[in-house]
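Engineer: The sequence isn't on hand, but the structure is:
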């Protein structure tokens, strides 16, 4: 490929989930729509040492310096990645078969260790213009915004990050309970001197009120 003009490079992280299928579909769509675009697809094996970076075509070969165990893991992982990419790209191509198109430039990468860090690092290594990731959207809002791979990638990546989640997976915001009616009665009866009823006083602890101190200046 002629690199006189740098391609618009999109990196999408996948984990074979429904969310990553959505991310891959959007990434393929963006690649097809943008002139001179190039799509890189990365799957990270959590907890395994890096088994190298490889392309889909012509083959996905394990790194030559891998240990025997890592080589077997790498071979199976590469085949799984290769199959996933081919199925995903094939499904996308069928959807746009009725419109004029040019072949998409796609490269697949297999990495290991912490998924969010590896995705962000690969984006930096490739000078990516955009990162696309999916999120399951399960659990509390704290886990969704602060604990997910998508959130960490958004924080670490040095380029814009698009996050997609399935429509069928709404964010589960934590439930906010109404005020305790006994606490309200306690505040009313004590003219605001006590905030909590007997049941909640132990949980919230003793209230401390500090009177402001003023000092006169000469």
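Structural biologist: Right, received. Where do you want to start? From a predicted model like this one, the values you see are computed outputs, not experimental measurements.
Engineer: Tell me where the protein is predicted with low confidence.
Structural biologist: Low-confidence segments of the chain (pLDDT under 70): 1-4, 48-74, 98-101, 136-147, 166-174, 203-218.
Engineer: longest strand anywhere in it?
Structural biologist: If you go by DSSP state E, the chain has its longest strand at strand 37-45.
Engineer: what does that one rub up against?
Structural biologist: 7-16, 24, 27-28, 30-31, 51, 56, 73, 77, 81, 84-85, 104-115, 118-119, 122, 126, 128 (C-beta atoms under 8 Å, 6 or more residues apart in numbering). From N, CA and C alone the C-beta is placed, and that goes for glycine too.
Engineer: Check stretch 21-36 too.
Structural biologist: For stretch 21-36, the external contacting residues (C-beta under 8 Å, 6+ apart) are 5, 7-8, 10, 12-14, 37-39, 41, 88-89, 92, 96, 101, 104-106, 130, 132-134, 162, 164-166.
Engineer: Just the ones of those in helices?
Structural biologist: When DSSP state H defines the helices, the subset of the contacts of stretch 21-36 inside them is 88-89, 92.
Engineer: Identify each of the strands in this structure and give its residue range.
Structural biologist: Shown for the chain, the strands assigned by DSSP E span residues 8-14, 37-45, 106-112, 130-134, 161-164.
Engineer: just those strands: most buried one?
Structural biologist: Among the strands of the chain, strand 130-134 has the highest mean neighbour count (mean count of other C-beta atoms under 10 Å), at a mean of 28.
Engineer: Can you give the strand pairings for that strand, parallel or anti for each?
Structural biologist: strand 8-14 (parallel), strand 161-164 (parallel) (DSSP bridges).
Engineer: re earlier: so among the ones in helices among the contacts of stretch 21-36, which ones count as buried?
Structural biologist: Those of those that meet the buried threshold are 88-89, 92, by 16 or more other C-beta atoms under 10 Å.
Engineer: if we can go back for a sec, nearest to residue 194 among the ones in helices among the contacts of stretch 21-36?
Structural biologist: Among those, residue 88 lies closest to residue 194 (C-beta to C-beta), at 61.6 Å.
Engineer: Now the closest one. Nearest residue, chain neighbours left out?
Structural biologist: Spatially, and ignoring its direct neighbours in sequence, residue 88 is nearest to residue 24 (5.0 Å; C-beta to C-beta, 6 or more residues apart in numbering).
Engineer: how about TSV for the buried ones among the ones in helices among the contacts of stretch 21-36, with distance to residue 180 added?
Structural biologist: Rendered in TSV, the data for these read as follows (distance: C-beta to C-beta, whole Å):
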residue	distance to residue 180
88	52
89	57
92	54
